[in-house]
Structure formats: C-alpha cells, structure tokens
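Engineer: Structure for the following, please:
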Amino acid sequence: MPLYDCMLLLKPHVKKEALMDLVARVGKHVYRRNGVLADLKSFGTVQLGYGIRKLDGRYYQGQLMQMTMMATPNINKELQYLNKEDRLLRWLLVKHRNTKYGLEFVSEDDGKGELSKLTRSSLFDEDLDEDDEDEDDEYDVDQEENKEN
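Structural biologist: Model prediction:
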C-alpha cells in the first residue's frame, strides 16, 4: 500500500472536539479499508494567502492538519465525501513517490556499501586542522616582527 499525506484545512472557529471527530472519521475510514494511520500533525491556525469563499463568508485563516497514512490506491475516490463537509475549507491528498518501506526497504541492495566507499579522510577533513595551525604560526611570526620594530 502506498503512503499518502492528507492535508485538511478547517475553518478557524471549529472546536477541537469537532476537529478530532472529523480526523477520527477519516482515520476509521482508512482503517476499515485495511489502511494504517502513521502520523497526525496539527499546524494550528495559519494565515491564508487569499480568502476562501464559502456559503457563510470568506475565510483568511484556517486550522491546518496533516494525516500520514498507508492506504489503498482508491482512497482518493473514497474520500470524496469530504467535499460535502461544512467544517472544511479545503482538503488535499498527496501520494508519496519512490518511498521504500517494509520488506522493499529491507531487501534493497543498491544502497549497500555506499558508506564503506567513504574513507576516514573524506569524512573528517584533517587538512583543515593543519591549515588552522599554519595560520597560528604566521600570526606568531607577525607578532615577533612587530616586537622587534
């Protein structure tokens, strides 16, 4: 099952209970289709770049939520009921591309040995330390010359 992010932009005056009710409804919908809700983030109230017009007015702020889930590919069609939800200003479903997870990630062998190609000198540039010491020596020589003059 692919990984999806569902972004929900709710009206700013929606109470926490109503917000969590909507998120729980979407989560239950995903769970009933053998999906998994992986992460839930709230970005709080955000300022919008332009007003979103709804039947009850124009909104310049919204509450932004992000739900990360693993679901079947037809989840986009199944979430169309969100269009009729009056608490929502907008919603968006984004599919993660080229994401490796589960057994695909464990069995992948094209990334093996990448770190072994790096040598210690390429990871920790020892030349920089030597250059710093040279600069200190030059400074000491300059100070000695100034003392002699």
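Engineer: got the contact list for the strand or helix carrying residue 77?
Structural biologist: Assessed by DSSP states H and E, residue 77 sits inside helix 75-78. Defining contact as Cβ atoms under 8 Å, 6 or more residues apart in numbering, one finds that helix 75-78 is touched by 4, 29-30, 33, 35, 69, 93. Any C-beta I mention is one placed from the backbone N, CA and C, and that applies to glycine too.
Engineer: Kindly recompute the last result at 7 Å.
Structural biologist: By Cβ atoms under 7 Å, 6 or more residues apart in numbering, the residues outside helix 75-78 that reach it are 4, 29-30, 33, 93.
Engineer: For residue 40, state which of the residues you listed is nearest.
Structural biologist: Among these, residue 30 lies closest to residue 40 (Cβ to Cβ), at 11.5 Å.
Engineer: what's the burial count for the closest one?
Structural biologist: Residue 30 has 24 neighbours, counted by other Cβ atoms under 10 Å.
Engineer: need the strands for this protein, in chain order.
Structural biologist: Ranges of strands within the chain are 3-10, 36-54, 57-70, 88-95, based on DSSP state E.
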